[in-house]
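In: Dropping the sequence and predicted coords here.
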Amino acid sequence: MKKQEPIKYSKSKDKELFPHETMIWRLEDRREKKLCWFQCYEHVEKYIIRYQLTKVQYKLQVRV
């Protein structure tokens, strides 16, 4: 089993990207070409690990 690479994310103030009030994490899954929103970092982490995404396969942002 290979070691999990660190999860990279950026901060965003663009409220247009976050249509859901309680979902402060936004993930663009580039493999599936879909958007996902999450309530907490642990859920994001679980998703990335489950689908074995690498840094180039997703873009993660948190609302500030």
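Out: Thanks, I have the structure now. Numbers count the residues shown, from 1 in each chain.

In: From here on, just use CA atoms for contacts and neighbour counts.
Out: Will do.

In: which SS state does the residue nearest the centre of the chain fall under?
Out: By CA atoms, centre = their mean, the mean C-alpha position of the chain lies nearest to residue 27, the distance being 3.1 Å. Following DSSP: H, G, I helix; E, B strand; the rest coil, the label given to residue 27 is strand.

In: Can you read off the pLDDT for it?
Out: Reported pLDDT at residue 27 in the predicted model: 98.

In: That one contacts residue 59, doesn't it?
Out: Yes: between residue 27 and residue 59 a contact is recorded at 5.6 Å, counting by CA atoms under 8 Å.

In: excluding its backbone neighbours, what's nearest residue 27?
Out: Closest residue to residue 27 apart from its sequence neighbours, by CA to CA, 6 or more residues apart in numbering: residue 60 at 4.5 Å.

In: Output the residue ranges of the strands in the protein, listed in chain order.
Out: 10-12, 25-29, 34-38, 58-63 (DSSP state E).

In: can I get those strands in CSV with distance to residue 19?
Out: As requested, the strands of the chain are arranged in CSV below (distance: least, CA to CA, whole Å):
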stretch, distance to residue 19
strand 10-12, 13
strand 25-29, 10
strand 34-38, 9
strand 58-63, 11
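
In: Which one of those lies nearest to residue 51?
Out: strand 25-29 (9.9 Å; CA to CA).

In: what does stretch 41-54 contact?
Out: Stretch 41-54 is contacted by residues 4, 5, 7, 25, 27, 38 when judged by CA atoms under 8 Å, 6 or more residues apart in numbering.

In: Looking at strand pairing, list the partners for the last one.
Out: Put plainly, it is residue 38. Taking DSSP bridges, one finds residue 25 as the beta-bridge partners of residue 38.

In: and it, what pLDDT?
Out: What the model reports as pLDDT for residue 38 is 98.

In: Report the contact partners of it.
Out: In this structure, residue 38 makes contact with 23, 24, 25, 26, 44, judged by CA under 8 Å, 6+ apart.

In: Ok, the third one next?
Out: Counting by CA under 8 Å, 6+ apart, residue 7 touches 45, 55.
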